[in-house]
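> coords please:
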Amino acid sequence: MARQLSFDLPAKTALGREDFFVSPANALAVAMISATSWPGNKLVLSGPAGAGKTHLAHVWAAETGGRIIQATDLRYDDVPELARKPIAVEDVPMIAVDIDQQKTLFHLHNLVLAEGHALLMTGRLAPKFWELPLADLQSRVEGAHHVALDPPDDALLGAVLAKLFVDRQLNPSPDVIAYLVKHMDRRFETAADVVVQLDQLALTEKRDITRALAVRVLNMSPDEIETGD
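The predicted model follows:
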């Protein structure tokens, strides 16, 4: 059961449908991603960091033949090419400070729908809170059907932790995930941080990931974890 501790292997995130755990907290979002069509042919998917927005965007793109682009990577000259297929634009609120990229997304929004393709947009908050200064774009975003990924229940948080361990090629003892689910802050971001911290401390001390190590991590500062003190 012992894992290799000699190499700090990079995480390789699994993004297939079979890798996404469905629970009441995300079942509606999964159903909408799987739908054959959306009202107005567009959908906004919101949820906190680590909730699975990118994972679901990849599932959707794989099933529709679509593509995925970060909103901050949008360029006006690329719009005609991007509009030839269904497209997911991730982290749209990140361009609230860039009026040119907002105009680009507005043009892409109109063209991709005119071409008969679907548009998926993601952000952490509900669209009404995106506060895009380009009013025409904000109104179209708010006009899209919206589905949110809710905070994790026990089953989902446990599954997220398990996936994070697998992505980093880690093999914790069987009681680690149950302990973390019961005692950690119930946020997706925290789950990701805790797994990274456990990996770091286990590597530093050349030991397995056990419940005792999990107890320590939840009670240590990031600096202590980095040094192993």
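> what's near enough to touch the nearest residue to T64 once chain neighbours are set aside?
If the residues on either side of it in the chain are set aside, T64 comes closest to P86, at 4.6 Å by C-beta to C-beta, 6 or more residues apart in numbering. Every C-beta, even on glycine, is put in place using the N, C-alpha and C of the backbone. Neighbouring residues of P86 by C-beta atoms under 8 Å, 6 or more residues apart in numbering: 60-61, 64-67, 112, 117-120.
> how about low-confidence regions in this protein?
Within the chain, the stretches with pLDDT under 70 are 1-20, 221-229.
> so where do the helices sit in it?
Remark: helices assigned in the chain by DSSP state H are 27-34, 53-64, 79-82, 99-114, 135-142, 154-167, 175-183, 188-205, 211-218, 222-227.
> These into JSON lines, with extra columns for mean neighbour count?
Shown next, in JSON lines, are these (neighbours: other C-beta atoms under 10 Å):
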{"stretch": "helix 27-34", "mean neighbour count": "16"}
{"stretch": "helix 53-64", "mean neighbour count": "20"}
{"stretch": "helix 79-82", "mean neighbour count": "14"}
{"stretch": "helix 99-114", "mean neighbour count": "18"}
{"stretch": "helix 135-142", "mean neighbour count": "17"}
{"stretch": "helix 154-167", "mean neighbour count": "19"}
{"stretch": "helix 175-183", "mean neighbour count": "17"}
{"stretch": "helix 188-205", "mean neighbour count": "19"}
{"stretch": "helix 211-218", "mean neighbour count": "18"}
{"stretch": "helix 222-227", "mean neighbour count": "13"}
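> To A71, which of those helices lies closest?
Taking C-beta to C-beta, helix 99-114 is the member of the helices of the chain nearest to A71, at 6.4 Å.
> ok, and what's touching the closest one?
So helix 99-114 is contacted by 40-42, 71-72, 74-76, 79-80, 82-83, 86-87, 89, 92, 95-96, 118-119, 132-134, 136-137, 140 (C-beta under 8 Å, 6+ apart).
> try it again with 6 Å
Helix 99-114 has contacts (C-beta atoms under 6 Å, 6 or more residues apart in numbering) with 41, 74, 76, 79, 82-83, 87, 95, 119, 132, 134, 136-137, 140.
> Excluding chain neighbours, what is closest to S34?
E63 (7.6 Å).
> ugh, typo on my part, it should be A126
With sequence-adjacent residues excluded and distances taken as C-beta to C-beta, 6+ apart, A126 is closest to S46, at 5.5 Å.
> Repeat that for V217.
Closest to V217 by C-beta to C-beta, 6+ apart is Q197, at 5.0 Å.
> which residues does H146 bridge with?
V44 (DSSP bridges).
> Go ahead and confirm A159 touches A25.
No. At 10.2 Å, A159 does not count as touching A25 under the criterion of C-beta atoms under 6 Å.
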